[in-house]
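Visitor: output the structure for:
(one chain, ligands or ions: 2)
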Amino acid sequence: MRRIIPAISLLLASTACTTSGVAVAPETREPTMIAPILTTPDALDASTYAKPQEARVTHVALDLALDFDAKRVGGTAALDILAAPNASEVVLDALGLEILRVTDGKGRELGWRMGASEGEKGAPLTIDLVDAAGARTDHVEIQYRAGADAEALQWLRPEQTAGKVHPYLFSQGQAILNRSWIPTQDSPGIRQTWEARITAPKPLDVVMSGIIQGEPEDLGDGRRAFRFVMDKPVAPYLIAIAAGDIDFAPVGSRTGVWAEPATLARARAEVGDTEEMVEAAEALYGPYRWGRYDMIVLPPAFPYGGMENPVMTFLTPTFIAGDRSNNGLVAHELAHSWSGNLVTNAVWGDSWLNEGVTSYFENRIVEAVYGSKRAKQEVALDYMAILETLDEVGRDAPGTALHQPDGTESAGSAIIYNKGAAFLRTLEKETGRERFDAWLRQWFDKHAFQPATSDMIYADLKANLAGSDAEAERLKLKEWIYSPGLPDNVAKPDPAAFATVDAASAAYAKDGTRPVGWETWTSAERQRFLKNLPRKLDAAELAQLDERLGLSASGNNEELFLWLELAMTNRYQPAVPQVEKFLGHVGRTKFVRPLFQALWNQSDWGRPIAKRIYAETRETYHSVTQGAVDRLMAKE
Ligand code: BES
Ligand code: ZN
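Guide: Ligands and ions are numbered 1, 2, ... in the order given. Below is the predicted model:
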């Protein structure tokens, strides 16, 4: 039997005072918590070179300059190290970093070596903790520059912004991209506190996933310095930065939103329910522990819908629909403040612990703020996506298990997100909401600011929710977490959720009847109808659909995307200019990849179009989106 009680490394004191003080003088800093690391085999992260049991980073202090002309960041990373008594070196992760010099912070040079690079994992950067004179240090300062094509960073030309005047920068760290601009141990199980001093040219503002300290300092050379602190230990993929011509609008007392001036009013209106969402989340699963909850609505090149960077959620502007109908996104990123940021998957093969638990939590927030009709419809859409994926890859495909051992490739977001959420929904239904909620809350409380694994949640569910082997058996806990497919006790969506829409779909399929009430439908209902449409439609049918339902003029990008995808799947030439325009400014992988895929699937018709468009748009995408499209076009 595999050990399921986490062994907390003995290396670690429960509290310790971190040292370096680039942004905050050491004497003014609160003693910060050092989070434990897990040492069981299931918590071993194959994506890092770090050997945290020998030496681990506990605090990162960045002092960096943003160079928008060279599209480079560079400066100093000062790291506090907790090392075993006999450890003589610390191993970091580095992807394309240029290391200039490493010292102990007192001017003494330290030896370092960059090992061989292995694709996206990058290379091990090993630093000696003992100097030439034999003195040991627990502090290293790295002078460095990120590479010109740092994978985490996207530098936007002014034309790629709403304002068209100033350049823009943002980062995306998850999963293992932050090693391209920060030399540290880039593993979700090695939590670190951090602080940063960032300089940027005027008039740009800088935000980070930490609390800003005071007003920016004018450096007198056309630049300003911004200071940030994250005093809670976080997984390093959660360190994030954005800089541009951006303004702030408050939403509630601890919530607000940043966006370019041209986008701010629409952004502020769309996220108007955020304070209420935070209150709903707290009522469900305990206090919000991060202080402020702010958001930034980025330019449309941002490769994801949202990213849960602590105290500063990053959002795509494509979620703005004018009616808050895509605000499940905000609920989702907010929920990560518990599942993901507070309790974090120790390894990426357990990312259902982040995304599945969050998707469940998201739906509970949506239910509390927008009501059970909308929540049930979103559950039904998610359930349909699980079935689609299972049909596509087969119910015995290893990638359909929630826990993904190293070497297996997940069958995608319908598993990690939707099957993960369906698991918790099933437990809720089987054990009752009250009991289930108490269990989930104690899970968050018990593991706050710590990493977790599938084995740990399995043991916890067994002990604290099921209470007996027989009940664990009945709930099928093991099958849900470790087996492919969908256990037969799955809580099915409410069949009434889409009764009206599904009747309208049937009528349309029979004789082309126009769906009655389309204008008054919820966005989820429209998406359901669009997904129900026959996959093969001819040009006349598509033209009629567009004319009757105004699909190509939709202000909701989720609906517009479904229409454009359907149009490309059916070689509908009149929609090509709009697809080209869309792909020319939207970089969100969820939209970009399937649109290129739909074109790619229509070989003789679509491939020349896809190649022509991609030749123009590739350089406007983040490395994540480029990678996704490159891969699909590499396949026959
Ligand atoms: N953390 C994810 C984004 C992510 C996942 C980045 C994996 C890198 C690797 C974020 O919380 C997310 O799930 N975003 C979704 C939101 C949706 C499910 C509401 C997205 O971007 O579409
Ligand atoms: Zn997520």
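Visitor: give me the neighbour count for A553.
Guide: 10 (other CB atoms under 10 Å). For the C-beta atoms, the positions are set from N, CA and C on the backbone; glycine is no exception.
Visitor: residues contacting it?
Guide: By CB atoms under 8 Å, 6 or more residues apart in numbering, A553 lies in contact with nothing.
Visitor: now do E636, the pLDDT please.
Guide: For E636, the pLDDT comes out at 78.
Visitor: that one: neighbour count?
Guide: The burial count for E636: 4, using other CB under 10 Å.
Visitor: if the residue lying closest to G74 once chain neighbours are set aside is in a bridge, with which residues?
Guide: Leaving aside its sequence neighbours, G74 sits nearest to R145 (CB to CB, 6 or more residues apart in numbering; 3.6 Å). R145 has these beta-bridge partners by DSSP bridges: G74, E98.
Visitor: quick one: R145 and A94 touch, right?
Guide: No - applying CB atoms under 8 Å as the test, R145 and A94 come out as separate, 11.6 Å apart.
Visitor: higher neighbour count, the two?
Guide: A94 (27 against 20).
Visitor: the nearest residue to the more buried one once chain neighbours are set aside: what secondary structure?
Guide: Of all residues not flanking A94 in the chain, L125 sits nearest, at 4.2 Å (CB to CB, 6+ apart). Three-state assignment for L125 (DSSP: H, G, I helix; E, B strand; the rest coil): strand.
Visitor: neighbours of L125, how many?
Guide: L125 has 25 nearby residues by other CB under 10 Å.
Visitor: quick one: pLDDT of it?
Guide: So, for L125, pLDDT stands at 99.
Visitor: was I right about it contacting V90?
Guide: No - with contact defined as CB under 8 Å, L125 does not count as touching V90 (9.0 Å).
Visitor: OK, contacts around the closest residue to T318 other than its chain neighbours?
Guide: Nearest residue to T318 in three dimensions, chain neighbours excluded: N557, at 4.4 Å (CB to CB, 6+ apart). N557 sits next to 318-319, 321, 326, 586, 591 when contact means CB under 8 Å, 6+ apart.
Visitor: run through the residues that contact the residue nearest to R535 when sequence neighbours are not counted.
Guide: Spatial nearest neighbour of R535, chain neighbours left out: T569 (6.5 Å); criterion: CB to CB, 6+ apart. If you count contacts by CB under 8 Å, 6+ apart, T569 has them with 535, 598, 601-602.
Visitor: the closest residue to ligand 1 within the stretch 301-450 of the chain: how many residues sit nearby?
Guide: Using CB to the nearest ligand atom, the closest approach of the stretch 301-450 of the chain to ligand 1 is made by G305 at 3.0 Å. Using other CB under 10 Å, G305 is surrounded by 21 other residues.
Visitor: ok, back up a step: got the contacts of N557 as CSV, with pLDDT and neighbour count columns?
Guide: Below are those laid out as CSV (pLDDT from 0 to 100; neighbours: other CB atoms under 10 Å):
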residue, pLDDT, neighbour count
T318, 98, 24
F319, 98, 23
A321, 98, 19
N326, 98, 21
V586, 98, 26
F591, 98, 24
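Visitor: list the residues that contact A162.
Guide: 260, 262-263, 299, 317.
Visitor: mind running it again at 7 Å?
Guide: The contact partners of A162, by CB atoms under 7 Å, 6 or more residues apart in numbering, come to 260, 262-263, 299.
Visitor: among those, which are in strands?
Guide: Among the contacts of A162, no residue falls in strands (DSSP state E).
Visitor: phi, psi of the closest residue to ligand 2 within the stretch 151-300 of the chain?
Guide: Nearest to ligand 2, among the residues of the stretch 151-300 of the chain, is Q174, at 8.9 Å (CB to the ion). Per-residue torsions, Q174: phi -70, psi 140 (degrees, to the nearest 10).
Visitor: pull the number of nearby residues for F226.
Guide: 24.
Visitor: now the helix or strand hosting it - C-alpha only, CSV.
Guide: Using DSSP states H and E, F226 sits within strand 223-234. C-alpha atoms of strand 223-234 as CSV (Å, rounded to 0.1, in the frame of the first residue of the first chain):
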residue,chain,number,x,y,z
ARG,A,223,10.5,56.0,-15.2
ARG,A,224,8.6,55.1,-12.1
ALA,A,225,9.2,52.3,-9.5
PHE,A,226,6.3,50.2,-8.2
ARG,A,227,6.5,48.0,-5.1
PHE,A,228,4.5,44.9,-4.3
VAL,A,229,4.4,42.3,-1.5
MET,A,230,2.9,38.9,-1.2
ASP,A,231,3.3,37.9,2.4
LYS,A,232,1.5,34.6,2.2
PRO,A,233,3.4,31.6,0.7
VAL,A,234,2.1,31.0,-2.8
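Visitor: so the spatially closest residue to Q602 that is not a sequence neighbour versus V369, what's the distance?
Guide: Of all residues not flanking Q602 in the chain, R571 sits nearest, at 5.5 Å (CB to CB, 6+ apart). When distance is defined by CB to CB, to the nearest Å, R571 is 41 Å away from V369.
Visitor: more neighbours, these two?
Guide: V369 (21 against 18).
Visitor: which residues does that one contact?
Guide: 273, 276-277, 280 are the contacts of V369 under CB under 7 Å, 6+ apart.
Visitor: save the residues you listed as TSV, and put in neighbour count and secondary structure too.
Guide: As requested, the contacts of V369 are exported to TSV (neighbours: other CB atoms under 10 Å; DSSP: H, G, I helix; E, B strand; the rest coil):
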residue	neighbour count	secondary structure
D273	19	coil
E276	16	helix
M277	26	helix
A280	19	helix
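Visitor: what is the nearest of those residues to R179?
Guide: Closest approach between the contacts of V369 and R179, by CB to CB: M277, at 32.4 Å.
Visitor: hang on, the earlier thing: same for ligand 1: which of the contacts of V369 are within range?
Guide: Counting by CB under 6 Å from any ligand atom, nothing from the contacts of V369 sits close to ligand 1.
Visitor: out of the residues you listed, which is nearest to A459?
Guide: For the contacts of V369, the nearest to A459 is A280 (29.4 Å; CB to CB).
Visitor: look up how far ligand 1 lies from that closest one.
Guide: Separation of A280 from ligand 1 (CB to the nearest ligand atom, to the nearest Å) stands at 16 Å.
Visitor: for A242, same thing?
Guide: A242 is 15 Å from ligand 1, by CB to the nearest ligand atom.
Visitor: test my guess that that residue contacts D205.
Guide: No - using CB atoms under 7 Å, A242 makes no contact with D205, being 8.9 Å away.
Visitor: who has more neighbours out of the two?
Guide: Counted by other CB under 10 Å, A242 and D205 do not tie: A242 has more neighbours, with 24 against 18.
Visitor: tell me the secondary structure for the more buried one?
Guide: A242 is classified as strand under three-state DSSP.
Visitor: sounds good, over and out.
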